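Enquirer: Provided below are the primary sequence and the corresponding predicted coordinates.
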Amino acid sequence: MQAPEMVKLPSAFKPAWWLRNCHLQTIAAKYLAPRRALVTDAEMLALPDGDHIQLNWTEMPDQATAKPIVVVLHGLEGNIHSHYAAGMLQALQHQGFIAVLMHFRGCNGVANRLPRAYHSGDTADLAFLIAQIQLRYPGRSLAAIGFSLGGNVLVKYCGEQGAHCVLKAAVAVSAPLALAPSAERINQGGSKVYQQYLLGRLKATMMRKLDRHKDFPLPVSKAQILALKTIREFDDLLTAPLHGFHNADDYYQKSSGKAFLKQVRIPLLLVHAKDDPFLSPAVLPKADEIPPFVQLMLSRHGGHVGFVTGNTPFKAEYWLEQQLPPYLAQFLGQH
């Protein structure tokens with residue numbers, strides 16, 4: 001394993017001169033993204049508890065036995081159609097990797113089988129997927145990239161695995177590594193727009209669960225769900241108790257990736273923008289919280305999973321897609 005100091009980091013991010021504002025970076029990244037000519041193989045992976053998740057492979061590994069595999073984790077309510085997920089799958093494919101997007105439970109447009117959903121600290125499904133990949137394709141080099149919520153899940157997984165982590169390297173982009181201050185930040189100022197968008201999707205998903213599961217394990221009504229005003233209220237009423245936590249505070253404390261950083265024993269790159277409108281500066285680890293194998297790339301601009309560059313207005317270039325696949329190639333032997 002290469003020591004971090006021997007690794008070439010991605011080049012510094014420089015925002016497009018016409019997209020320096022954090023909200024423009026965040027929003028334009030989605031709406032300026034080109035249509036991806038991406039064809040994937042979908043697979044429903046059965047989970048040990050009787051549920052399932054959808055995987056989208058750029059190609060099946062048994063058809064390309066020498067290629068490394070990179071697992072991609074999307075953000076809150078994301079899926080294969082999220083611009084950053086589709087773009088990264090394509091970029092990883094062009095680098096010579098097999099990429100697989102792991103949908104969190106119920107995020108593929110088809111309801112998952114159980115009343116439970118997914119959350120920011122839910123590493124069990126990722127651990128199961130990686131174990132299945134090892135079982136099916138032994139000896140294959142593995143890495144992972146996580147965006148936003150998926151980044152926090154990935155960091156927590158790497159910390160939990162410690163020296164036993166089988167990934168050669170990992171990258172977490174715009175990850176809410178401290179969940180409580182992140183929930184506060186998205187409830188402030190202009191960031192409330194993002195909160196209302198995400199909250200609306202979360203509410204809709206949970207309402208469908210109430211219809212589907214007449215034996216829903218929590219004593220909640222549709223009226224209570226509709227009345228929720230913030231992500232924190234949603235987590236307190238639903239996410240936390242549905243997944244075994246006492247309340248939102250308990251969930252945030254036990255699921256924040258920041259607390260697991262010191263146990264990480266593989267090269268882990270954290271990519272973050274100071275102007276991220278979703279995340280508080282409190283998510284950033286301090287110098288004494290960063291172990292030798294963890295490196296932080298902190299840019300002044302970039303928004304939340306934005307990082308749009310390019311000199312020509314409305315012709316966006318995606319720094320993450322340009323830089324992260326070659327970075328991972330250093331660990332996966334695909335120079």
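Expert: Yes, it's here. Residues are numbered from 1 along each chain as shown.

Enquirer: name the residues of stretch 236-251 that are buried.
Expert: Residues Asp236, Leu237, Leu238, Thr239, Ala240, Pro241, Leu242, His243, Phe245, Ala248, Tyr251 are the ones in stretch 236-251 that count as buried (16 or more other CB atoms under 10 Å). No exception for glycine: its C-beta is placed from N, CA and C like everyone else's.

Enquirer: what's the answer for stretch 303-321, then?
Expert: 303-310, 316, 318-321.

Enquirer: again with stretch 136-155
Expert: Buried-residue list, stretch 136-155, by 16+ other CB under 10 Å: 137, 140-155.

Enquirer: what's the span of it, first residue to last?
Expert: 24 Å (CA to CA, to the nearest Å).

Enquirer: for it, the averaged confidence score.
Expert: Here stretch 136-155 scores 97 as its mean pLDDT.

Enquirer: what does stretch 294-309 give?
Expert: 96.

Enquirer: can I get the CA coordinates of it in CSV?
Expert: This file holds the C-alpha atoms of stretch 294-309, laid out as CSV (Å, rounded to 0.1, in the frame of the first residue of the first chain):
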residue,chain,number,x,y,z
VAL,A,294,-6.4,10.6,5.5
GLN,A,295,-5.9,13.7,3.4
LEU,A,296,-8.2,16.7,3.1
MET,A,297,-8.5,18.7,-0.1
LEU,A,298,-10.2,22.0,0.9
SER,A,299,-11.1,24.5,-1.8
ARG,A,300,-12.4,28.0,-1.4
HIS,A,301,-15.2,27.4,-3.9
GLY,A,302,-17.1,24.5,-5.2
GLY,A,303,-20.5,24.4,-3.5
HIS,A,304,-22.0,21.1,-2.6
VAL,A,305,-21.0,18.3,-5.0
GLY,A,306,-20.5,21.1,-7.5
PHE,A,307,-16.9,21.7,-8.5
VAL,A,308,-17.7,23.0,-11.9
THR,A,309,-14.8,24.5,-13.9
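
Enquirer: list the helices and strands the strand or helix carrying His23 packs on?
Expert: If you go by DSSP states H and E, His23 is part of helix 22-31. Contact here means 3 or more CB pairs under 8 Å, 6 or more residues apart in numbering; DSSP states H and E; on that basis helix 22-31 packs against helix 83-94, strand 308-309.

Enquirer: where are the low-confidence patches of the chain?
Expert: 1-6, 334-335 (pLDDT under 70).

Enquirer: where do the helices of it begin and end?
Expert: 22-31, 83-94, 124-136, 149-161, 179-185, 192-212, 222-226, 231-234, 240-242, 248-255, 319-332 (DSSP state H).

Enquirer: and of those, who's closest to Val171?
Expert: Across the helices of the chain, Val171 has its closest neighbour in helix 319-332 (5.6 Å, CB to CB).

Enquirer: how far out from the middle of the chain is that closest one?
Expert: Here helix 319-332 shows a centroid-to-chain-centroid distance of 16 Å under the convention CA atoms, centre = their mean, to the nearest Å.

Enquirer: returning to that earlier point: can I get the buried residues of stretch 236-251 in TSV including distance to Thr58?
Expert: What follows is those, written out as TSV (distance: CB to CB, whole Å):
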residue	distance to Thr58
Asp236	39
Leu237	38
Leu238	34
Thr239	31
Ala240	35
Pro241	37
Leu242	33
His243	31
Phe245	35
Ala248	37
Tyr251	33
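
Enquirer: go through these and say which is closest to Ile130.
Expert: Top of the list for closeness to Ile130, among those and by CB to CB, is His243 at 20.5 Å.

Enquirer: my guess is the closest one meets Thr123, correct?
Expert: No: His243 lies out of contact with Thr123 (CB atoms under 8 Å); the separation is 12.0 Å.

Enquirer: follow-up on the earlier one: of the helices and strands packed on helix 22-31, flag the one that's most buried.
Expert: strand 308-309 (a mean of 24; mean count of other CB atoms under 10 Å).

Enquirer: run through the neighbouring helices and strands of that strand.
Expert: For strand 308-309, the packing partners by 3+ CB pairs under 8 Å, 6+ apart come out as helix 22-31, strand 317-318, helix 319-332.

Enquirer: got TSV for these, with distance to His94 too?
Expert: Shown next, in TSV, are the helices and strands packed on strand 308-309 (distance: least, CB to CB, whole Å):
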stretch	distance to His94
helix 22-31	19
strand 317-318	12
helix 319-332	7
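
Enquirer: nearest approach to Ile186 belongs to which of the ones you listed?
Expert: Here helix 22-31 is closest among these (CB to CB), at 11.8 Å.

Enquirer: please identify the buried residues of the closest one?
Expert: Residues of helix 22-31 classed as buried by neighbour count (16+ other CB under 10 Å): Cys22, His23, Leu24, Gln25, Thr26, Ile27, Ala28, Ala29.

Enquirer: what sits closest to Ile133 if chain neighbours are left out?
Expert: Nearest residue to Ile133, sequence neighbours excluded (CB to CB, 6 or more residues apart in numbering): Ile69, at 6.1 Å.

Enquirer: can you tell me how far the one you found sits from Pro291?
Expert: The gap separating Ile69 from Pro291 is 25 Å, by CB to CB, to the nearest Å.

Enquirer: okay then, goodbye and thanks.
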